[in-house]
Structure formats: structure tokens, C-alpha cells
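Trainee: One predicted model, sequence on top.
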Amino acid sequence: MIKNRSLTSYIEDDEEEEAKKFIEEELGFPLPKALGKRLIVKIYIRPEELTTFVNNEGKTVSIYIPEIYLENDKYSNFAALVLSVGDQCFKGDEYKENGPGCKVGDWITIARNHGGQQYFHRGVTVQNIPEDAIYDVIQDPSYVERV
Amino acid sequence: MEGTICFDNKEKWSFEKEYGFNPPRPLGARVCIEQYVKSEESGAGIKLAKSEMSKRLDVADCIVGRVVKIGSACFKSEDFKHWDKADLPEVGDWVTFKITPGWKKYGPPGKGVCVITMFDDAINEKIEDPSYVSRDL
């Protein structure tokens, strides 16, 4: 039977190691390690290719998002992938019933102005955020758009 | 979403059933709320088309919405100790809340729903019908 000690995470307990390995393989380096009540998250940047279709002449056409928009994602997107969870995270009373709020491999939305620090880690845009900067866990980062 | 009255939660409403995808799962004492969108039709059945700008202002001004998902630590703090349990909002209830920034569109392309995640203490009250409330500047 599948078990999940968290009410909010999409990663089942037995998938945690697999998720870590998968992300490490995709990124090509070992995941950074967050300390205390902080997490390290990778900011979601939309894929360059927006859509592909076949036109009237039978040619396959791809539409790409201009680079400047993708650059902007680094500084405005608030969807992020959890790369590392500090060992003191989610130990407070408010997580008693919930279990860990999120696990490595979950997509979350974050408050961008809540004590987080953004930097490049091996060329990848990451933020080191406190646990209370997380709003919610989401199913898919492409679902989220700022209004 | 235009409102079916869900006061007292008589009929169990769920975001998944309504839209076909999972809502955001708020953490701790946070609540996820969906924006109440006023009908674009007048009482006489005339459709009043809204501009994009007007729709954006509606979001910024929004004080009414439906509870989509509740964090596990919601309504458990000292502030809610003396509240009647029946007054506490549940999923599907219409509520009013303090103006809060942070609205986002959530959902697959073309199916996005305006939602916001806020702390439980930003909620003011449960209401019977969202169309009864509008903001008085």
C-alpha cells in the first residue's frame, strides 16, 4: 500500500529517494543541502519551446519564447521545485497533523519577498528560503500564472 | 466561478469535481480561496462585456471567494478558541476576507482559475450568497 506521511506532498514516502536521484540526474550534479529551517528551491523557468504544429504546407513549425521572457522568469516566477529541505523544517506545531509540508521533488509556490536569497548554483537559479515562505504545494508549475 | 449557494455545506463541493484538476495544497495555517466572479449578465439578461482592465481590477478588489482547500493547522490558534465551530469555514463555503495581495491564475492552459492563498486570520466571515456582498469604497 502506498504511504505518504504528508497530507500536502505529491511525493509518496517510497518515492523520496527516487525523486532525489531523478533530479540529480537531470541537473547533472548532487543536490545542495539546506540547513535548519530553510529550504533550497529551483525557480521554475518555462520551457523554451511553447508549441509545435503542422502548418498548411505540411511543415512542422515550433514557436519559441524569446530569451528575454525566460530571463524574466528567474526574477518573477514564484513556482519552484524543492531541491533540499533543512533537517529542522516542518517540526513546528502547525505541521503536527500535516507531516512534512513538502518533500524534495515537490513543486511549490513561494513568497518571493520573504527572506529568501536568490543565486546561481552551478548555473541553475535557486533560492534559499525559510519554511514559512511556502504558500502551497502544487501539481504542476505550468498551472501557475501571476495575476 | 459563479455561485451555487453552499452555506452550511449541505452539498459537498469540491474543486476537483468542479474543474477536473487538483487545487493548490496550502501549508500550515493557510487557506486557498477561489475568486468569486460576478455574473456578466444584468438582471434583465443583458450581457455586459468586461474589459481586461476591469477584470484585473475585480481581482485586486476581491473580498469574496470560495474556500478551496484548508491547511491542516487552520483555525486552531488562540484567535479561534472562542469561535463557534459551526462558524468556521469549510471547503465549499463562501467567505469574505481582508484585501490580500498574491492572486494567481491556477490551472492547465485555458482553464485557469483565480485563486489566492492567505492566512486563516484574514477571513472575516462565512456568507450565504457571494452576490450579496460588494465592496464599498
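Mentor: Everything's here; your move.

Trainee: what about the residue of chain A most remote from its centre, helix or strand, and which?
Mentor: Distance from the C-alpha centroid of chain A peaks at residue A:57, with 39.5 Å (Cα atoms, centre = their mean). Under the criterion DSSP states H and E, no helix or strand holds residue A:57.

Trainee: Got phi/psi on it?
Mentor: The phi and psi values for residue A:57, taken as degrees, to the nearest 10, are phi -90, psi 0.

Trainee: so what's it up against?
Mentor: Residues near residue A:57 by Cβ atoms under 8 Å, 6 or more residues apart in numbering or on different chains: none. Every residue, glycine included, has its C-beta placed from N, CA and C.

Trainee: Helices of the chain, start to end?
Mentor: The chain I'm using is chain A. A:16-27, A:67-76 (DSSP state H).

Trainee: sorry, should have said chain B
Mentor: B:15-19, B:52-60.

Trainee: How about exporting the shortest one as PDB, limited to the C-alpha atoms?
Mentor: Pointing back at helix B:15-19 there. Extracted C-alpha coordinates of helix B:15-19, given in PDB (Å, rounded to 0.1, in the frame of the first residue of the first chain):
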ATOM      1  CA  PHE B  15     -12.600  21.900  -6.600                       C
ATOM      2  CA  GLU B  16     -11.500  18.600  -8.200                       C
ATOM      3  CA  LYS B  17     -15.100  17.700  -9.200                       C
ATOM      4  CA  GLU B  18     -15.800  21.200 -10.500                       C
ATOM      5  CA  TYR B  19     -12.600  21.800 -12.600                       C
END
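
Trainee: low-confidence ranges in chain A?
Mentor: A:1-2 (pLDDT under 70).

Trainee: Spell out which residues of it are next to chain B.
Mentor: A:7-8, A:78, A:93-98, A:101-102, A:109, A:111, A:132, A:134-140, A:142-147 (Cβ under 8 Å from any Cβ of the partner chain).

Trainee: Which residue of chain B lies farthest from its centroid?
Mentor: Most remote from the centre of chain B, using Cα atoms, centre = their mean: residue B:44, at 26.4 Å.

Trainee: Tell me who's in contact with that residue.
Mentor: Here residue B:44 is in contact with no residue (Cβ under 8 Å, 6+ apart).

Trainee: go on, the one 5 residues further on?
Mentor: Applying Cβ under 8 Å, 6+ apart, we find residue B:49 in contact with residue B:40.

Trainee: Residue B:113 versus that one, what's the distance?
Mentor: In this view, residue B:49 and residue B:113 are 20 Å apart by Cβ to Cβ, to the nearest Å.

Trainee: repeat for residue B:126
Mentor: 21 Å.

Trainee: Likewise for residue A:35?
Mentor: 37 Å.

Trainee: again with residue A:105
Mentor: Distance from residue A:105 to residue B:113, by Cβ to Cβ: 25 Å.

Trainee: and if you look at residue B:15?
Mentor: 8 Å.

Trainee: Give the residues shared as contacts by the two.
Mentor: Contacts common to residue B:15 and residue B:113, judged by Cβ under 8 Å, 6+ apart, are residue B:34.

Trainee: follow-up on the earlier one: between residue A:35 and residue B:113, tell me which one has more neighbours.
Mentor: In this view residue A:35 and residue B:113 are compared by other Cβ atoms under 10 Å in any protein chain shown, and residue B:113 has more residues nearby, 19 against 13.

Trainee: so who does the more buried one touch?
Mentor: Applying Cβ under 8 Å, 6+ apart, the residues near residue B:113 are B:1, B:19, B:34, B:35, B:105, B:106, B:107.
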